[in-house]
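Novice: Sequence and predicted model, in that order:
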Amino acid sequence: MARDYPLQRVRNIGIIAHIDAGKTTTTERVLYYTGISHKIGEVHEGEATMDWMEQEKERGITITSAATTCFWTQTYADHANKENEYRFNIIDTPGHVDFTAEVERSLKVLDGGMTVFDGVAGVEPQSETVWRQADKYHVPRICFINKLDRTGASFEKSFATILDRLSKKAIRMQIPIGLEEKHEGVVDLLTMKAYDFEGELGKEVKEIEIPDTLKEDAIKYRSEMVEKIVENDEEAMNDYLEGKEIPISKLKEIVRKAVIANEIFPVFCGSALKNKGVQLVLDAVIDYLPSPLDVPPIKGTNPKTEQEENRASDDAVPFAALVFKLQTDPFVGQLAFFRVYSGSLEAGSYVLNTSTGKKERIGRILRLHANKREEVKTVYAGEIAAAVGLKSTTTSDTICDEEHPIELERIVFTEPVVSMRIEPKTKADQEKMGMALNSLSSEDPTFKIISDQETAETVIWGMGELHLEILVDRMKREFGVEANVGKPQVAYKETITKISEAEIKYIKQSGGRGQYGHVKINIKPLEKLSEEALEKLPKNTKRTDHFEFVNSIKGGIIPQEYIPACEKGFKEGMTRGVVAGYQLVDISVELYDGSYHEVDSSEIAFKIAASQALQEAARKAAPVLLEPIMKVEVVTPEKFMGDVTGNLSSRRGQIEGMEERGMSKVIQAKVPLSEMFGYITSLRSMTEGRASFTMEFDSYQIVPQNVATEIIEARK
């Protein structure tokens, strides 16, 4: 069966933004205008198609990224000609910081992004986070300044925040006709035409004259726009300097190349809720965002040869895909979402999971539309689909052709910062709880389950209070498990601040063969290195995110077969800290000497010796407690500003800046997470319920001594 859409007419895009910027509302318009849905579901009414989970409908937020496929023909193209139709694979991502992993994994597999901004607030904290995530994966973007119908909306102020906080490479492609209740349409600066949106739900895009009041601005902004565009093409630049008129087709071609190279971020405007501007943004997706053919071939490693290999977006080359999300479906079981980078895959065929080394059979292949699905026989390069029947595949695994193995780069997720104790209410819930927790953790890589050996309690870890609250709620609704939960706890960590050393001889005699392991180590704080410096590390050095192992053993003082056991022992020694029992991080360990016994030495003996040596060295290396620090932004009426800043300071917060946003004041601060539990209640009471705040993880910092003493006492 042949592919039904050529690759150049496929767009894999994500809609990303800060919470409440209007991502889901925009996606609902996309589904309506592309004919996928016949009515528009509103978020505030709990009827958004893409927010299909019960928790999403109740809270009016997106929790899980939802995938859909739709088709679009540009507004003024010949709609009768099927060759003008493009396939969009769209992922609507969450905006809340607790669900940032959903954004991370979506951006990893997408070719382009539409970043949505609130026309009143402009760039907000989570806007910066998702922008950085998109930068990390080199995802080309177009921008949509939404909500220009709201009181206090300002296109110019919002555009200025993009230039100031995100990128100087943003360029206006449109300006709005009117703001707030007078917002009627947009002016396209490229074609110098104005557009109104009429008919049922703004479905008819009508070309109108540019209003006289905007003509002067349009000419000025068009000149600025053309100047920025031609900077990306030498020939066009020369023509422009000579005073020649650059054809619109040429300007579009330059913008497309520059967008794909992340040299230009075009900015569009409108109001999704009032049905203005969305169709023209869909046109821009076709014009400027890349098809799978426009992005570089995916890189991976051949597990047999350890050599780097490339796989192009081509149906004829061997199959390779990345599983980026698991989701439990009540009707078909576990769905594994995957992006096909090369080759094609048929239902019923076998694939190799290079991450586990196991063969898996693809039972059925589904093309998703939020929580509805369409079964397909074959998927091709550049497509996003879901497989049923993968038993031992998890998020970030590579599935590929058995004869041509390749392992693609894994997705790295942020470590969770909040924990909570959980126990089943009844004996009947006990077994169900284990299954439910395992199922939820396989879906969400930032959700961890740890059994506390000392207390025999189950501790769950997540990205924030809301994250854990949603997971416990899902456990109750989807798996029928009733549970008691404790108060949220902060994920403290420990590290060292000095260099130290230790020597441990582990000797055990109990009749017959004994145990003997002897190691000498140096430890020091792990310094952060640039990517260039990481590539130049010597061969005897292995480094992960928070641990470095340097093997300086020469001449077989410790036999080579015991070195991996030593490394395991060091890692084990780091799982329990020496200050208050929290995990040790950011330590470099050098194994430089030791000895062995020909009969009594074993892997277990060296592992125990290494673990004990690390603990002893850490005690002598001035260990300290670390706590997660959050980046907090509070939006408050001016008259409450003094109360809010005073309250943040009392929570050990550092005020980093203040600015105006419409009629409100915005306070930026960094505050320890431990001080932010229950903050929303305090904020509401001191501001008559008129202030709001957002919070995201910033970094780990050393806990002040007086606070550390309290934490240590509480752990005893």
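Specialist: Here it is on my side, so go on. Here the structure is a predicted model, which is why all the values come from computation and not from measurement.

Novice: Just give the number of residues close to residue 572.
Specialist: 15 (other Cβ atoms under 10 Å). For every residue, glycine as well, the C-beta is placed using N, CA and C.

Novice: if I've got this straight, it is in a helix?
Specialist: Yes: assessed by DSSP: H, G, I helix; E, B strand; the rest coil, residue 572 belongs to a helix.

Novice: That one contacts residue 609, correct?
Specialist: No: Residue 572 is not in contact with residue 609 according to Cβ atoms under 8 Å; the separation is 11.4 Å.

Novice: Just give me the longest helix of the chain.
Specialist: helix 212-230 (DSSP state H).

Novice: now the angle between helix 212-230 and the helix or strand that that one is followed by, please.
Specialist: Once the chain leaves helix 212-230, the next helix or strand it forms, by DSSP states H and E, is helix 234-241. Going by axes from the mean of the first three to the mean of the last three Cα atoms, to 10 degrees, helix 234-241 is angled at 140 degrees with respect to helix 212-230.

Novice: ok, residue 667 - contacts?
Specialist: 633, 634, 636, 641, 644, 645, 648, 655, 657, 658 (Cβ atoms under 8 Å, 6 or more residues apart in numbering).

Novice: mind running it again at 7 Å?
Specialist: 634, 636, 644, 645, 655, 658 (Cβ atoms under 7 Å, 6 or more residues apart in numbering).

Novice: Mind telling me the two of the residues you listed farthest from one another?
Specialist: 636 and 655 (12.8 Å; Cβ to Cβ).

Novice: quick one: low-confidence parts of the stretch 401-550 of the chain?
Specialist: For the stretch 401-550 of the chain, the stretches with pLDDT under 70 are 452-456, 511-512.

Novice: gap between the residue nearest the centre of the chain and residue 596?
Specialist: Among the residues of the chain, the one closest to the centroid is residue 104, at 1.9 Å (Cα atoms, centre = their mean). Distance of residue 104 to residue 596, given as Cβ to Cβ, to the nearest Å: 44 Å.

Novice: Residue 459: what secondary structure?
Specialist: strand.

Novice: mind starting the numbering at 50 from now?
Specialist: New numbering, starting at 50: the last item is residue 508.

Novice: What distance do you get for it to residue 465?
Specialist: In terms of Cβ to Cβ, residue 508 sits 11 Å off from residue 465.

Novice: What of residue 274?
Specialist: Taken as Cβ to Cβ, the span from residue 274 to residue 465 is 44 Å.

Novice: surely residue 446 meets residue 402?
Specialist: Yes: Residue 446 lies in contact with residue 402 (Cβ atoms under 7 Å); the separation is 5.4 Å.

Novice: Let me know the next secondary structure element after the lowest-mean-pLDDT helix or strand in the chain.
Specialist: Least confident element among the helices and strands of the chain, by mean pLDDT, DSSP states H and E: helix 103-108 (a mean of 44). Downstream of helix 103-108, the next assigned helix or strand under DSSP H and E is strand 115-122.

Novice: Parallel or antiparallel, list what pairs with that following strand.
Specialist: Here strand 115-122 is paired, per DSSP bridges, with strand 134-141 (antiparallel).

Novice: My read is that residue 657 contacts residue 556, right?
Specialist: No: contact criterion Cβ under 7 Å: residue 657 and residue 556 do not qualify, at 10.6 Å.

Novice: More neighbours: the two, which one.
Specialist: Neighbour totals were compared for residue 657 and residue 556, and residue 657 leads with 21 against 13 (other Cβ under 10 Å).

Novice: May I ask which helix or strand encompasses the more buried one?
Specialist: Short version, using DSSP H and E: residue 657 is in helix 652-668.

Novice: Remind me what that helix packs against, helices and strands.
Specialist: strand 549-557, strand 564-574, helix 612-622 (3 or more Cβ pairs under 7 Å, 6 or more residues apart in numbering; DSSP states H and E).

Novice: Report the secondary structure state of residue 129.
Specialist: coil.

Novice: Just the pLDDT at it, thanks.
Specialist: Per-residue pLDDT puts residue 129 at 80.

Novice: ok, it to residue 240 distance?
Specialist: Taken as Cβ to Cβ, the span from residue 129 to residue 240 is 23 Å.

Novice: Between the two, tell me which one has more neighbours.
Specialist: Between residue 129 and residue 240, counted using other Cβ under 10 Å, residue 240 has the larger neighbour count: 14 against 7.

Novice: So that one is in contact with residue 297, correct?
Specialist: Yes: using Cβ under 7 Å, residue 240 is in contact with residue 297, at 6.3 Å.

Novice: shaky segments in the stretch 600-749 of the chain?
Specialist: Using pLDDT under 70, the flagged stretches of the stretch 600-749 of the chain are 711.

Novice: just the helices in it please.
Specialist: 612-622, 652-668, 690-699, 728-735 (DSSP state H, counting those that start in this stretch).

Novice: ok so, going back, of residue 446 and residue 402, who's got more company?
Specialist: For residue 446 versus residue 402, the count of surrounding residues by other Cβ under 10 Å is larger for residue 446: 24 against 21.

Novice: Ramachandran angles for that one?
Specialist: phi -80, psi 150 (degrees, to the nearest 10).

Novice: buried set for the helix or strand where residue 436 lies?
Specialist: Per DSSP H and E, residue 436 falls inside strand 433-437. For strand 433-437, the neighbour count (16 or more other Cβ atoms under 10 Å) marks 433, 434, 435, 436, 437 as buried.

Novice: Figure out how far that strand is from the centre of its chain.
Specialist: 20 Å (Cα atoms, centre = their mean, to the nearest Å).

Novice: quick one: strands adjacent to that strand?
Specialist: Strand 433-437 is paired, per DSSP bridges, with strand 382-391 (antiparallel), strand 413-418 (antiparallel).

Novice: Now do that strand, average pLDDT.
Specialist: Strand 433-437 comes out at a mean pLDDT of 86.

Novice: Can you name the element that comes right after it?
Specialist: Next element after strand 433-437 (DSSP H and E): strand 447-449.

Novice: Give me the residues contacting that following strand.
Specialist: Residues contacting strand 447-449 (Cβ under 7 Å, 6+ apart): 349, 367-372, 387, 400-404, 409, 442, 455-457.

Novice: Filter these down to the ones in strands?
Specialist: 349, 369, 370, 371, 372, 387, 400, 401, 402, 409, 456, 457 (DSSP state E).

Novice: distance of the spatially closest residue to the fourth one that is not a sequence neighbour from residue 130?
Specialist: Spelled out, that is residue 371. Spatial nearest neighbour of residue 371, excluding adjacent residues (Cβ to Cβ, 6 or more residues apart in numbering): residue 457 at 5.0 Å. According to Cβ to Cβ, residue 457 and residue 130 sit 37 Å apart.

Novice: Then residue 510?
Specialist: Residue 510 is 54 Å from residue 130, by Cβ to Cβ.

Novice: same question, residue 81
Specialist: Taking Cβ to Cβ, one finds residue 81 at 23 Å from residue 130.

Novice: higher neighbour count, those two?
Specialist: Counted by other Cβ under 10 Å, residue 81 and residue 130 do not tie: residue 81 has more neighbours, with 22 against 9.

Novice: any idea how far whichever strand or helix holds the more buried one is from the chain center?
Specialist: Residue 81 belongs to helix 72-82 when assigned by DSSP H and E. The chain centre lies 21 Å from the centre of helix 72-82; the measure is Cα atoms, centre = their mean.

Novice: so what does it touch, helix or strand wise?
Specialist: strand 59-66, strand 115-122, strand 134-141, helix 327-337.

Novice: residues near residue 546, how many?
Specialist: Residue 546: 11 neighbours (other Cβ under 10 Å).

Novice: Setting aside sequence neighbours, what's the nearest residue to it?
Specialist: Here the residue nearest residue 546, using Cβ to Cβ, 6+ apart, is residue 671, at 4.4 Å.

Novice: List the residues that contact that neighbour.
Specialist: By Cβ under 7 Å, 6+ apart, the neighbours of residue 671 are 545, 546, 547.
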